[in-house]
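Visitor: got a sequence here, can you build the structure:
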Amino acid sequence: LGSGHVLAAPYQALRTADGYVNVGGANQPNWERIADVLGHPQWKTDPRFALNDDRRANLEALVAEMEAVTTTRTTAQWVEAFDAAGVPAGPVHSIGQALSHPQVAARGAVVEVDHPRAGRTRALGLPIALSASPARVTRPAPVFGQHTREVLRETGYDDAQIDALAAEGVVRLG
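Guide: Residues are numbered from 1 along each chain as shown. Prediction:
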């Protein structure tokens, strides 16, 4: 189904002139607003698309007809039109767009850390914010093997045993 939903149609990303817009036609009123926004009110009574089960059964044809319309305008234009009509919709961002989005900055979802090999770099912050026990990322992802000795010591290995494991290629030390 790609970005589609197994139970609702249309509920997926649709191509636009410059990317994709995700549209949520999770119920009949939303579907009817979508048809109106796309300038095809006749789809509301088209036997292929009138009800959700009809749309699911004819999803390929539905998406083809919808994308023939959505590809005529930009993602931003469609988001604005769907928002104005009360249709759940949003842009599908590239990774770069997502990481530089103002909401990502406001939530601290991307942080800068000092990496021992890469220098100053960006990393993902914590995806949740807890008011009573806030947490933050304070160090970068480890290099391969960076904590091997530490972890093995905690499980009872001594340095000689760890060195022997490393010499045999069983573990890698950072």
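Visitor: and the helices in this protein?
Guide: 28-37, 52-57, 59-70, 75-85, 95-99, 102-107, 148-154, 159-167 (DSSP state H).
Visitor: gap between the residue nearest to Arg153 when sequence neighbours are not counted and Gln77?
Guide: With CB to CB, 6 or more residues apart in numbering as the criterion, Arg153 has its nearest non-adjacent residue at 7.2 Å, and that residue is Ile162. In short, each C-beta sits where N, CA and C put it, glycine included. Distance of Ile162 to Gln77, computed by CB to CB, to the nearest Å: 60 Å.
Visitor: between those two, which has more neighbouring residues?
Guide: Higher neighbour count among Ile162 and Gln77: Ile162, with 19 against 15, using other CB atoms under 10 Å.
Visitor: ok, now which ones touch the more buried one?
Guide: 148-149, 152-153, 171, 173 (CB atoms under 8 Å, 6 or more residues apart in numbering).
Visitor: again with Val110
Guide: Contacts of Val110 by CB under 8 Å, 6+ apart are 99, 104, 122-125.
Visitor: again, but for Ala26
Guide: 5, 8, 11, 88.
Visitor: distance of the residue nearest to Gly24 when sequence neighbours are not counted relative to Arg55?
Guide: Leaving aside its sequence neighbours, Gly24 sits nearest to Pro88 (CB to CB, 6+ apart; 3.5 Å). Pro88 is 16 Å from Arg55, where distance means CB to CB.
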